[in-house]
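J.: Here is my input, please return the structure:
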Amino acid sequence: MFKQIHKLVWAFDAEWMPNPTAGRLLHNLPEEADDLEVMETMWQKGGATDENPRPFLKTILCRMLSIAAVQRQQHADGRVSLSLLSLPRDPNAPHDEKEIVWRFLNAIGERHPQLVGYNSLAADLRILVQRGICLGIQAPRFALRPNKPWEGVDYFAKGSDWHIDLRDYATPGWGSGTPSLHELAVLSGIPGKMDASGEDVPRMWLEGQLDRIIAYNERDALTTYLVWLRMAHFGGLFNPEGYLQEQQRVRELIVAESANKPHLHDYLAAWERLSPDLFRTEG
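T.: Residues are numbered from 1 along each chain as shown. Here you go, the predicted structure:
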């Protein structure tokens, strides 16, 4: 289990989809080819079957759509605050993938949060680095590595306290016994996937529903954070009273944010259904 909680924690999640530009370039498809047709070709080339018509593609073949994170900050006076962060900030503005990736990676390099994700070493962090390279971004402070992982900030070393991949702690190694984030969350009394899944993201993008993608992304970030709290409690980093207090902070964050983000009302309602004893205790 992970050993410590840093003063600044970002529990993050990223959303992406097959990149039609990559499909056109790698499969010699015409520029005028429809985006959906290009993606269908990419899925076919990527091993589509009748049972799995849209297989998971290599992250290098995809493009970033949004990033969301729950930030936990312990201040000098001991006070703890939570924030919900997301990029892009305005779903109605022209989408700029390069700006999203640059902002997130350089913010990590500047602020040095402890990153928390689920399958983030193999997926989320990987695509951020790959897209950063392909887009010509510089993120030197994020990419800087110490000679030895314990001598400084290192987001790439497996098992590093600077980047906690919850999947690896829940089930070391791969295999059919590896739980999804949804499975681990719901069976722990935490909301998982609700009205959408990752398979729906390309369709939402093609229909111009970036706001729904960001909403889905934010809910996954909250789920990742709550699973992290659960695992930190399991490992003794929060005592029972502290764990209840941390969950109350999340509830307060959701209530505050839901004034402008109606999709969080549904998330809170789902959490209350899954963990009625928690809310009776707090209520």
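J.: What are the boundaries of the helices in the stretch 151-283 of the chain?
T.: 166-170, 181-186, 201-206, 210-234, 240-257, 263-274, 276-282 (DSSP state H, counting those that start in this stretch).
J.: and the shortest one, which residues are buried?
T.: Judged by neighbour count using 16 or more other CB atoms under 10 Å, the buried positions of helix 166-170 are 166-168, 170. Where you see a C-beta, it was placed from the backbone N, CA and C, and this is true even at glycine.
J.: Please render the residues you listed as CSV that adds distance to Arg249 and pLDDT to the earlier fields.
T.: Listed next are the buried residues of helix 166-170 as CSV, based on distance: CB to CB, whole Å; pLDDT from 0 to 100:
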residue, distance to Arg249, pLDDT
Leu166, 19, 95
Arg167, 24, 93
Asp168, 26, 90
Ala170, 23, 88
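J.: so which of those comes closest to Leu268?
T.: Nearest to Leu268, judged by CB to CB, of the buried residues of helix 166-170 is Leu166 at 22.0 Å.
J.: Does the closest one touch Leu226 like I think?
T.: No. Counting by CB atoms under 8 Å, Leu166 stays clear of Leu226, with 10.8 Å between them.
J.: on that earlier part again, export the buried residues of helix 166-170 as TSV, with columns for distance to Tyr155.
T.: Below are those laid out as TSV (distance: CB to CB, whole Å):
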residue	distance to Tyr155
Leu166	15
Arg167	16
Asp168	14
Ala170	20
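J.: which one of those residues is nearest Glu37?
T.: Using CB to CB, those come closest to Glu37 at Arg167, 33.5 Å.
J.: Could you check how far that closest one is from Ala122?
T.: Note on Arg167: its distance to Ala122, by CB to CB, to the nearest Å, is 8 Å.
J.: got it, and Phe279?
T.: Separation of Phe279 from Ala122 (CB to CB): 34 Å.
J.: cool, Glu207 as well?
T.: On the measure of CB to CB, Glu207 and Ala122 end up 29 Å apart.
J.: so what does the longest strand seen in the chain touch, helix or strand wise?
T.: Ranked by residue count and defined by DSSP state E, the top strand of the chain is strand 62-74. If you count contacts as 3 or more CB pairs under 8 Å, 6 or more residues apart in numbering; DSSP states H and E, strand 62-74 packs onto strand 8-18, helix 20-26, strand 80-87, helix 97-111, helix 125-134, helix 210-234.
J.: hang on, the earlier thing: which one's more surrounded, Glu207 and Ala122?
T.: Neighbour tally, Glu207 and Ala122, criterion other CB atoms under 10 Å: the higher count belongs to Ala122, 14 against 9.
J.: so who does the more buried one touch?
T.: Asp165 (CB atoms under 8 Å, 6 or more residues apart in numbering).
J.: try it again with 10 Å
T.: Contacts for Ala122 (CB atoms under 10 Å, 6 or more residues apart in numbering) come out as 59, 165, 167-168, 174.
J.: Make sure I have this right: it is in a helix.
T.: Yes. Assessed with DSSP: H, G, I helix; E, B strand; the rest coil, Ala122 lies in a helix.
J.: What's the separation between it and Lys98?
T.: Taking CB to CB, one finds Ala122 at 23 Å from Lys98.
J.: cool, and Asp195?
T.: Relative to Lys98, and taking CB to CB, Asp195 is found at 30 Å.
J.: which one of those two has more residues nearby?
T.: Lys98 (14 against 11).
J.: Quick check, the more buried one in contact with Ile133.
T.: No. If you go by CB atoms under 10 Å, Lys98 and Ile133 don't touch, sitting 11.8 Å apart.
J.: what about stretch 251-265, how long is it end to end?
T.: Stretch 251-265 has an end-to-end distance of 11 Å (CA to CA, to the nearest Å).
J.: Check what contacts that stretch and list those residues.
T.: 70-72, 81-84, 86, 194-195, 211-212, 214-216, 218-219, 222, 225, 266-268, 271-272, 278-279, 282.
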